[in-house]
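Q: Give me coordinates for this.
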Amino acid sequence: MLLAIAMIIKKLLKYAILFLAACSTDYGISTEIIELVDPSQPVVVDSLIQSGMPTSIDVLIVLDTSGSMSDNYEQVSRGVEILRGDIEDITYDYKIGFINSSLIKPYFSGPYDVYSSAIDFLLAPWILGGDREEIAFYAAYEFRITTEEGDSFFRESADKLLIFVSDEDEQSVFTAEVFHYWLKDEFKNVQHDIVTIVNIETSDCESGWSAHMGEKYMELSAYYGKTATDICSDWELALADSTFLVGPVDYINLSQIPLEDTIVVYVDKVITEEWYYLSSTNTVYLDFVPTEGSLIEVGYVADTE
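A: Take a look at the predicted model:
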């Protein structure tokens, strides 16, 4: 039965892919759901255009500075310092800034650039005022729209990377969907990406932290075809690997759980068998790195049970 469904996908997905390729201009991962087989088993197409490396980039870290987070400051500083080194392999034209997640003054530290020292990054989280609320989506919006620092920090032609770090869920009135659409509209003329570092369902944190799961951050990550990163892991060592802006992508985190036998992978509208799927991360990994501008698409029947 599953093999029969897979054959139908292979035949019909080709036309869906041609349509998506003609319509898609965005970098990053997008998702289409197409009821080609059975409304109860929709065909999902997760697609990605391999981006070019930025010539300039603005990186904003939105950091939860409530009392429980102080033990994480050193890891944040170390991770951003490592990320800075990875960025400099691509470009020296970058800005890095930190804000807290409720804009309590002082709410901004930075901007840091190629001339900043490791000590600058070490001290950056400690400059920020302590949060009483974890309203990071709202804080990022307000920082961009209403503050002088936000107006000068974000450059019109620079690609954008926003990194959210918190041990609590996001608590503003913004839903992940609304915030995602605002980001897409606000930065529509450049590439943009997000990274979320939070308490996840399979976290290495103590079991008592389960009540603090970052569900809204996890939902935001899903809009970018990603999973959130566990705040209790050694995430700082691979921060650059969490964004397509700092290196080529050879994987796609799927937006839904697939029936594995139905997965079909295309690169530039040509089917490829050079991939494998890991259910533990719900990710399709390619055995090669697609070239800049390549259209990578993964079609599958979603497991609705």
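Q: Please, which helix or strand holds the spatially closest residue to residue 53 that is not a sequence neighbour?
A: Computed as C-beta to C-beta, 6 or more residues apart in numbering, the closest residue to residue 53 that is not its neighbour in sequence is residue 90, at 4.7 Å. In short, each C-beta sits where N, CA and C put it, glycine included. Here residue 90, judged by DSSP states H and E, is contained in no helix and no strand.
Q: Distance of residue 90 relative to residue 245?
A: Counting by C-beta to C-beta, to the nearest Å, the gap from residue 90 to residue 245 is 9 Å.
Q: Kindly report the same for residue 295.
A: Relative to residue 245, residue 295 is positioned 18 Å away (C-beta to C-beta).
Q: what does residue 82 give?
A: Separation of residue 82 from residue 245 (C-beta to C-beta): 15 Å.
Q: same question, residue 254
A: The gap separating residue 254 from residue 245 is 21 Å, by C-beta to C-beta.
Q: show me where this structure has strands.
A: 28-38, 41-49, 57-63, 94-100, 108-112, 159-165, 192-198, 229-230, 251-253, 264-267, 270-271, 275-278, 283-286, 295-301 (DSSP state E).
Q: what's near enough to touch residue 57?
A: Neighbour list for residue 57: 87, 90, 91, 93, 94, 95, 158, 159, 160, 161, 245 [criterion: C-beta atoms under 8 Å, 6 or more residues apart in numbering].
Q: Try it again at 6 Å.
A: 94, 158, 159 (C-beta atoms under 6 Å, 6 or more residues apart in numbering).
Q: Can I get those in TSV including pLDDT?
A: Output for these, formatted as TSV (pLDDT from 0 to 100):
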residue	pLDDT
94	96
158	95
159	93
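Q: May I see those arranged in TSV, with neighbour count and distance to residue 139 as well?
A: Shown next, in TSV, are the contacts of residue 57 (neighbours: other C-beta atoms under 10 Å; distance: C-beta to C-beta, whole Å):
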residue	neighbour count	distance to residue 139
94	22	22
158	22	20
159	24	21
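Q: quick revisit: neighbour count for residue 82 and residue 245, which is higher?
A: More crowded of residue 82 and residue 245, by other C-beta atoms under 10 Å: residue 245, with 24 against 16.
Q: Could you double-check that the more buried one lies in contact with residue 194?
A: No: in this structure, residue 245 is not within contact of residue 194 by C-beta atoms under 6 Å, at 10.2 Å.
Q: Okay, buried residues for stretch 110-121 please.
A: 110, 111, 112, 116, 120, 121 (16 or more other C-beta atoms under 10 Å).
Q: Also stretch 67-83?
A: Neighbour counts over stretch 67-83 (16+ other C-beta under 10 Å) mark 69, 72, 73, 75, 76, 77, 78, 79, 80, 81, 82, 83 as buried.
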